[in-house]
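*Asks:* Turn this into a model:
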Amino acid sequence: MEDPPFTYQTPDDSGNMISNGYGIDVLRVLARQVGFKVHLQWLEGAQFGRQLPNGSWTGMIKRLQEGDADVALSWLTITPERLQAIEFADSVPIRTYWNGLFVRQTASFQTESMLGALTKPLGLDVWVALLATLLIVSLVLWVVLRAARHEPLESQRDYSPGACLLSIYGGFMMQGYVRTPTSAAGRIVVISHWAMCIIVYATYTAQLASFLTATDKTPLLSSVMQVATHTQYPLLVDETSADVSAMRVSPDPGYRALYSRVTNGDNVMDVSAVVRRGRDVVSDTAVLYIDYDRLVYYLRERSCFYEPVVEVVYKHSPAYLGLRRGLPQRDGINAALRKMTESGLLQRLWKKHFHSSFMCAQPQYIDRGAKAVKGRRRAAWARALADID
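*Replies:* Alright, predicted model coming up:
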């Protein structure tokens with residue numbers, strides 16, 4: 001992979017640019033095990049390579065095809081078109097990835113009138129049930145006081161049907177009444193009503209607090225066709241990715257329309273702009289067609305607010321080193337990659353550069369966790385090719 005943290009350059013104390021990254025480490029191991037020397041060519045702003053209508057290629061694939069380089073230090077997927085131009089170190093994938101359309105969630109706080117905010121936490125059926133409960137408990141209290149043997153006549157006169165309703169309503173509002181029933185049965189009814197009111201108040205308070213503080217998170221766009229047609233939202237994509245080329249013949253009309261938007265350049269920005277200008281170039285309304293590892297690396301904590309536009313099937317695509325046709329060291333490179341995989345070295349090098357120093361608090365769209373490199377690095381967007389001696 002040509003972009004950080006796969007390959008990148010950082011200046012040393014004297015100002016010289018030092019090559020670094022996962023791909024660079026892998027290439028150094030291959031050079032020792034296979035026995036070749038490496039001369040790196042950094043192609044600023046170059047692309048993976050796209051096949052033009054006349055059949056020729058651009059970018060890295062062109063350099064391999066013309067013999068100007070021996071190895072494309074990148075993560076290239078194997079396609080029939082590419083196989084006609086170059087070869088691959090296809091014994092072991094250099095990495096696996098999955099691309100997706102990612103969009104930032106939009107958060108809007110609940111906005112209601114005062115009355116609406118106070119009544120919203122409980123549904124209409126709950127409010128109707130509470131009203132019915134007040135009437136029923138009032139009737140029960142009136143009957144109990146009339147039937148109780150030890151209830152004074154004065155108390156019975158004070159607790160008329162309307163007074164019972166007022167007493168029960170006052171209890172619901174946490175207000176006492178002028179008289180307390182004398183009989184045990186009457187007091188049991190009143191105490192039970194107060195206990196019920198406490199439970200209702202606790203539930204209502206919790207629901208109200210949740211309602212007033214919760215945010216409604218909804219995706220900005222919800223389909224591929226919307227991304228293709230709503231060109232007012234910037235689209236960040238690597239235009240020479242094999243997955244983008246595959247959109248042209250996709251059975252999904254949304255992806256075919258998205259391919260047309262990319263080729264027409266309708267408010268489309270290359271992912272390399274993120275590396276050149278920093279992650280702030282990604283606005284909150286931007287849509288990114290990118291693999292998840294790069295999303296996390298570029299946006300860091302901001303990536304936690306992004307989710308796929310459509311439901312994602314986590315199908316990981318293998319990617320390989322591209323090689324010049326007829327390269328004598330091809331078998332040796334394949335054997336060395338197999339050995340690195342069997343020993344676990346390839347995985348350790350991957351974790352070294354993609355290990356995350358943070359985790360999303362509530363990951364909702366990916367079960368692999370976030371992977372990013374620690375610390376800040378001044379990275380130059382580079383497409384690395386290697387000449388082998």
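
*Asks:* Going by C-alpha atoms from here, please, whenever you check contacts or count neighbours.
*Replies:* Fine.

*Asks:* Quick one: residues in contact with stretch 242-249.
*Replies:* 76, 77, 79, 99, 238, 255, 256, 258, 259, 260 (Cα atoms under 8 Å, 6 or more residues apart in numbering).

*Asks:* So for that stretch, mean pLDDT?
*Replies:* Taken as a whole, stretch 242-249 carries a mean pLDDT of 84.

*Asks:* Stretch 354-365 too?
*Replies:* pLDDT averaged over stretch 354-365 gives 51.

*Asks:* ok, now stretch 280-288?
*Replies:* In this model, stretch 280-288 has a mean pLDDT of 83.

*Asks:* What lies in contact with that stretch?
*Replies:* Stretch 280-288 is contacted by residues 100-104, 220, 227, 233-237, 273-274 when judged by Cα under 8 Å, 6+ apart.

*Asks:* re the thing from before, mind listing which of the contacts of stretch 242-249 are in helices?
*Replies:* Within those, residues falling in helices by DSSP state H are 255, 256, 258, 259, 260.

*Asks:* Out of these, the closest to residue 62 would be?
*Replies:* Proximity of the ones in helices among the contacts of stretch 242-249 to residue 62 (Cα to Cα) peaks at residue 259, which lies at 22.4 Å.

*Asks:* can I get the contacts of stretch 280-288 in a markdown table with secondary structure?
*Replies:* Converted to a markdown table, the contacts of stretch 280-288 look like this (DSSP: H, G, I helix; E, B strand; the rest coil):
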| residue | secondary structure |
| --- | --- |
| 100 | strand |
| 101 | strand |
| 102 | strand |
| 103 | strand |
| 104 | strand |
| 220 | coil |
| 227 | helix |
| 233 | coil |
| 234 | coil |
| 235 | strand |
| 236 | strand |
| 237 | strand |
| 273 | helix |
| 274 | helix |
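
*Asks:* From the residues you listed, which one has the minimum pLDDT?
*Replies:* At the low end of pLDDT for the contacts of stretch 280-288 is residue 220, which has 65.

*Asks:* Low-confidence regions, the stretch 201-350 of the chain specifically.
*Replies:* 210-220, 275-276, 311-315 (pLDDT under 70).

*Asks:* re the thing from before, just put the ones in helices among the contacts of stretch 242-249 in a markdown table and tack on neighbour count and distance to residue 185.
*Replies:* Converted to a markdown table, the ones in helices among the contacts of stretch 242-249 look like this (neighbours: other Cα atoms under 10 Å; distance: Cα to Cα, whole Å):
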| residue | neighbour count | distance to residue 185 |
| --- | --- | --- |
| 255 | 21 | 73 |
| 256 | 21 | 76 |
| 258 | 22 | 74 |
| 259 | 21 | 78 |
| 260 | 15 | 79 |
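
*Asks:* Dump those residues into JSON lines; add distance to residue 188 as well.
*Replies:* Shown next, in JSON lines, are the ones in helices among the contacts of stretch 242-249 (distance: Cα to Cα, whole Å):
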{"residue": "255", "distance to residue 188": "69"}
{"residue": "256", "distance to residue 188": "72"}
{"residue": "258", "distance to residue 188": "70"}
{"residue": "259", "distance to residue 188": "73"}
{"residue": "260", "distance to residue 188": "75"}
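
*Asks:* per the record, what domains does the chain have?
*Replies:* Listed domain ranges for the chain are 1-98+316-389, 114-213, 222-313 (source: automatic domain parsing).

*Asks:* what comes up buried for stretch 271-288?
*Replies:* Using 16 or more other Cα atoms under 10 Å as the test for burial, stretch 271-288 gives 271, 272, 273, 274, 275, 282, 284, 285, 286, 287, 288.

*Asks:* next one: it to chain centre, how far?
*Replies:* When distances are taken as Cα atoms, centre = their mean, to the nearest Å, stretch 271-288 is centred 16 Å away from the chain's centroid.

*Asks:* what does stretch 257-268 give?
*Replies:* On Cα atoms, centre = their mean, the centre of stretch 257-268 falls 23 Å from that of its chain.

*Asks:* Next: stretch 50-64.
*Replies:* Using Cα atoms, centre = their mean, the offset of stretch 50-64 from its chain centre is 33 Å.

*Asks:* CA-only coordinates of it, as PDB, when you get a sec.
*Replies:* What follows is stretch 50-64, C-alpha atoms only, in PDB (Å, rounded to 0.1, in the frame of the first residue of the first chain):
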ATOM      1  CA  ARG A  50      -6.100   2.700 -14.500                       C
ATOM      2  CA  GLN A  51      -6.600   1.100 -17.900                       C
ATOM      3  CA  LEU A  52      -7.300   3.700 -20.600                       C
ATOM      4  CA  PRO A  53      -9.700   3.200 -23.500                       C
ATOM      5  CA  ASN A  54      -6.800   2.500 -25.800                       C
ATOM      6  CA  GLY A  55      -5.700  -0.400 -23.500                       C
ATOM      7  CA  SER A  56      -2.600   1.300 -22.000                       C
ATOM      8  CA  TRP A  57      -2.200   1.800 -18.300                       C
ATOM      9  CA  THR A  58      -1.400   4.700 -15.900                       C
ATOM     10  CA  GLY A  59       0.200   4.900 -12.500                       C
ATOM     11  CA  MET A  60       2.100   2.000 -10.900                       C
ATOM     12  CA  ILE A  61       0.900  -0.600 -13.300                       C
ATOM     13  CA  LYS A  62       2.300   1.400 -16.300                       C
ATOM     14  CA  ARG A  63       5.700   1.500 -14.600                       C
ATOM     15  CA  LEU A  64       5.700  -2.300 -14.100                       C
END
